[in-house]
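[1] model the structure of this input:
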Amino acid sequence: MGRITRRGFVAGTAGALSGLITAGGAAAADRGGALERAVREVAGGHRRRDFRGVWVATVANRDWPSRPGLSAGAQRAELIAHLDKAVERRLNAVVLQVRPTADALWPSRYEPWSEWLTGTQGADPGWDPLGTAVHEAHERGLELHAWFNPYRIANHTDLTRLVPTHPARRHPDWAVPYGGKLYYNPGLPEVRRFVEDAMLDAVRSYDIDGVHWDDYFYPYPVAGQSFDDDAAYARYGSGFPDRDAWRRHNIDLLVRETAARIKRIDRRIRFGISPFGVWRNASSDERGSATTAGVQTYDDLHADTRRWVRAGWIDYVCPQLYWNIGFRAADYAVLVPWWDEVARDTGVDLYIGEALYKAGDPAQPAAWQDPAELSRHLTLAQRYASVRGHCFFAAKEVTEDRVGAMARVVADHYRGRSR
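    Below you'll find the predicted structure:
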């Protein structure tokens, strides 16, 4: 008998329970959600326990691998160490960056092997990092969410530095240099279809628990530079009041189409996005937060994150609330209730992105020198019903824990196993 994945087991269970409900007629149907609850009880479903996550960033070897060119065995050992540390810290989810720069940490049909593995883009590392991560995470009772960056191609602007078979080399008209980096142009329908296909290749191939995006859509503004999408706007922008509205429409399409395609592959895979923590300041929009942040996702990244939640297009949102309690421009204690209200009654789970990396960093404000700052975040967030968990940036700090902030979170809030 072949191996039955966790989702395969759940699907079989759902089928059996569905038959019982059908046989039971109207009385069973009136139980309102009994099937869904039963499946989640049997399978240890995603909504049954609060999310305790950690991001593992691979771009520029931020968290893992520690450097490019390690042997397959050394890379695997480092990855396992991060998973074991997550278990030790009583976390229950790992968000692994598997497509950092239009490349792949699995044998993709669409894009080259990531240079962050071997030091050479396109070079086979001799093992399957994503496949290993999924298996080893599940062995430890951890969820594995695959983290993708939709549009970033490279941290430079030289197409000739990409492997010759790279899609951006084959389609240079897809690429836009901006701010010293290369990006795919979100305004081209063929680009949108391609990046969806590239990401969904992993969804079809692995027993992942979630598809995860971070805060990068249109790039963050760079003073004195403009993102050159003039030709795409001239071709596709008619009917929109301005370029900003057209750009937001492009990102909305990416979100909606990806969400629908994920559910067609497997309805149990959750789709989550971790945006920059400020949608809009109240000075720009009365629906916005009482903040004065210099970046607003709606205006600057053309990402209408509030709409995605209110419309229920995603399964969870994990805003990066990387500020301390009392920070004037973007107070954690202001933004948590704002996001709680956004998520309320939508069916979209709210997880809070936590800036563990700031704890003990001497360059950060005094609040971040206090090991109790992050624990106070979790205490505050417990007051809001929409908040269903937290995710910590990032894995290196979960291990190093410079001033004991993570240990304090565990002692105060994670004394038992997640449930």
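[2] OK, contacts around residue 317?
    Residue 317 makes contact with 272-275, 305, 308-309, 339, 342-343, 348-351, according to CB atoms under 8 Å, 6 or more residues apart in numbering. C-beta: built from backbone N, CA, C; applies to glycine.
[3] ok, residue 336 next?
    Residue 336 touches 321, 352, 380-381, 384, 387, counting by CB under 8 Å, 6+ apart.
[4] quick check: it vs residue 396, distance?
    Look at residue 336 and residue 396: by CB to CB, to the nearest Å, they are 25 Å apart.
[5] which one of the contacts of residue 336 is nearest to residue 54?
    residue 352 (13.3 Å; CB to CB).
[6] ok, for that closest one, nearest residue in space, not its chain neighbours?
    residue 390 (4.9 Å; CB to CB, 6 or more residues apart in numbering).
[7] show me what that neighbour is bridged to.
    Bridge pairing for residue 390 (DSSP bridges) gives the partners residue 52, residue 352.
[8] please enumerate the strands of the chain.
    51-56, 93-99, 143-148, 152-154, 175-178, 181-184, 210-213, 270-273, 316-317, 349-354, 387-392 (DSSP state E).
[9] low-confidence regions, the protein specifically.
    1-48, 417-419 (pLDDT under 70).
[10] could you break it into its assigned domains?
    Residue ranges for each domain of the chain read 1-44, 52-413, as given by automatic domain parsing.
[11] what's the most buried one of these?
    domain 52-413 (a mean of 19; mean count of other CB atoms under 10 Å).
[12] do you know how far the residue nearest to residue 302 when sequence neighbours are not counted is from residue 277?
    Residue nearest to residue 302 in three dimensions, not counting chain neighbours: residue 247, with 3.8 Å by CB to CB, 6+ apart. Separation of residue 247 from residue 277 (CB to CB): 20 Å.
[13] same check, this time on residue 147
    18 Å.
[14] specify the beta-bridge partners of the nearest residue to residue 228 once chain neighbours are set aside.
    Leaving aside its sequence neighbours, residue 228 sits nearest to residue 176 (CB to CB, 6+ apart; 5.6 Å). According to DSSP bridges, the partner residues bridging residue 176 are residue 183.
[15] I'd guessed residue 176 sits against residue 187; true?
    No. Counting by CB atoms under 8 Å, residue 176 does not reach residue 187; the two are 9.3 Å apart.
[16] overlap in contacts, the two.
    residue 229.
[17] all helices for the stretch 301-419 of the chain, in order.
    305-310, 332-343, 373-381, 395-400, 405-413 (DSSP state H, counting those that start in this stretch).
[18] right, so of the ones you listed, which gets closest to residue 232?
    Closest among those, using CB to CB: helix 305-310, at 22.1 Å.
[19] ok, residue 308 touching residue 272?
    No. When contacts are counted by CB under 8 Å, residue 308 is not listed as touching residue 272 (10.4 Å).
[20] anything in contact with each of these two?
    314, 317.
[21] let's check: the centremost residue of the chain is which one?
    In the chain, the centroid-proximal residue (CA atoms, centre = their mean) is residue 212; its distance is 2.9 Å.
[22] show me what it is bridged to.
    Bridge pairing for residue 212 - DSSP bridges - gives residue 147, residue 272.
[23] residue contacts, it?
    95, 145-148, 272-274 are the contacts of residue 212 under CB under 8 Å, 6+ apart.
[24] at 10 Å what do you get?
    53, 55, 93, 95-98, 145-148, 270-274, 316, 318, 391 (CB atoms under 10 Å, 6 or more residues apart in numbering).
[25] repeat that for residue 179.
    So residue 179 contacts 157, 219-225, 227 (CB under 10 Å, 6+ apart).
[26] now it, what are its backbone angles?
    phi 60, psi 30 (degrees, to the nearest 10).
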